[in-house]
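Engineer: From the sequence below, what's the structure:
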Amino acid sequence: MIGATLPAFVLHSRAYRESSALVDFFTPEGRLRAVLRGARGKAGTLARPFLPLEAEFRGRGELKNVGRLDSAGIPNLLGGEALFSGLYLNELLVRLLPAEDPQPALFEHYAVTLQALAANRPLEPLLRAFEWRLLDQLGYGFALDTDLAGQPIAAEGIYRLLPDAGLEPVGQLQPGLFQGRELLALAEADWDAPGALGAAKRLMRQALAPHLGGRPLVSRELFMTIKEPPRD
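Structural biologist: Residues are numbered from 1 along each chain as shown. This is a model prediction of the structure:
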C-alpha cells in the first residue's frame, strides 16, 4: 500500500516518540495503524475521533505512515451519552477488527451511525444495530428467527445463546435466557416491542463476550460512571 488515499476515521490515538502519534484508523480497507508525524501541528488537530477524513497511507508493512491528512466532511459533534457511545463503537472496532481486513459495508454503517448519534437519535437501537452488523461482518453472526437446528423460533419458546452455534431451545425461563417473542421482535428490528431493547442488550453482550477475551471495555466502564447517581 504505497500512496493509497482513503476515506478514514480515527479510532484511537496515542503519543509516539517526540512529536508523532500512533493512530488506529478505520477505512473501507479495514483497520490501519499508522504513524502520524508532526502530531502537534495541523495534522494533530485533525487526528481526533468522529471527524470524516481523507488520509494518504504509505508503506507496505503492518505499520504505515500517514503522508497526508485532510478533513473530508462535517465533524460529528458528540456530547454526553452520545460521546460515550461513539467511544464504545471505536473501542469495539480496535479490539475486534483484524488489521487490514477490508470492511466497506461496515465502514459505511459506522459513518451513518455517527451521523445518527450526532443528531441525538435514540442510542440503544443504534448501538445494538451496529453490534449486530459488526458480529455479522466478522463471521460471528447467527439467525434470530431460527434455532441452531434450523427450526423456526417459537414465540412462546425459551432460548439460550451458544455464541459459536446459535440459539438453542431450553425448558424454562431463567436469568440470561430469551423469550421467543423477544427474538422475533429483534429479527424484525421492532424496538418498540415489549422487552426488545433489554433482550437485545443482553444478547449482544453474550455474543460479544467470547471475542473480547475477558478484558472489560474501558468505554463501558466510563459510561457506567456517568450513569451512577451522585453519592452523598
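Engineer: What are the buried residues along stretch 150-162?
Structural biologist: 153, 157-159, 161 (16 or more other C-beta atoms under 10 Å). Using the backbone N, CA and C atoms, a C-beta is placed for each residue, glycine as well.
Engineer: With secondary structure and pLDDT as new columns, can those be given to me in TSV?
Structural biologist: Shown next, in TSV, are these (DSSP: H, G, I helix; E, B strand; the rest coil; pLDDT from 0 to 100):
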residue	secondary structure	pLDDT
I153	coil	97
G157	coil	96
I158	strand	97
Y159	strand	97
L161	strand	97
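Engineer: now the lengthiest strand in the chain, how far from the centre of its chain.
Structural biologist: The longest strand of the chain (DSSP state E) is strand 4-16. Distance of strand 4-16 from the chain centroid (C-alpha atoms, centre = their mean, to the nearest Å) equals 16 Å.
Engineer: State the pair within the buried residues of stretch 150-162 that is farthest apart.
Structural biologist: Greatest spatial distance among the buried residues of stretch 150-162 (C-beta to C-beta): G157 and L161, at 13.4 Å.
Engineer: could you pull out the strands for the chain?
Structural biologist: Using DSSP E, strands in the chain cover 4-16, 20-27, 30-36, 53-58, 63-71, 158-162, 166-170, 178-179.
Engineer: for those, which one sits closest to E221?
Structural biologist: strand 4-16 (16.0 Å).
Engineer: Which neighbouring elements make contact with that closest one?
Structural biologist: Packing partners of strand 4-16 (3 or more C-beta pairs under 8 Å, 6 or more residues apart in numbering; DSSP states H and E): strand 20-27, strand 30-36, strand 53-58, helix 80-96, helix 104-118.
Engineer: and it, which residues are buried?
Structural biologist: For strand 4-16, a neighbour-count test (16+ other C-beta under 10 Å) marks 6-13 as buried.
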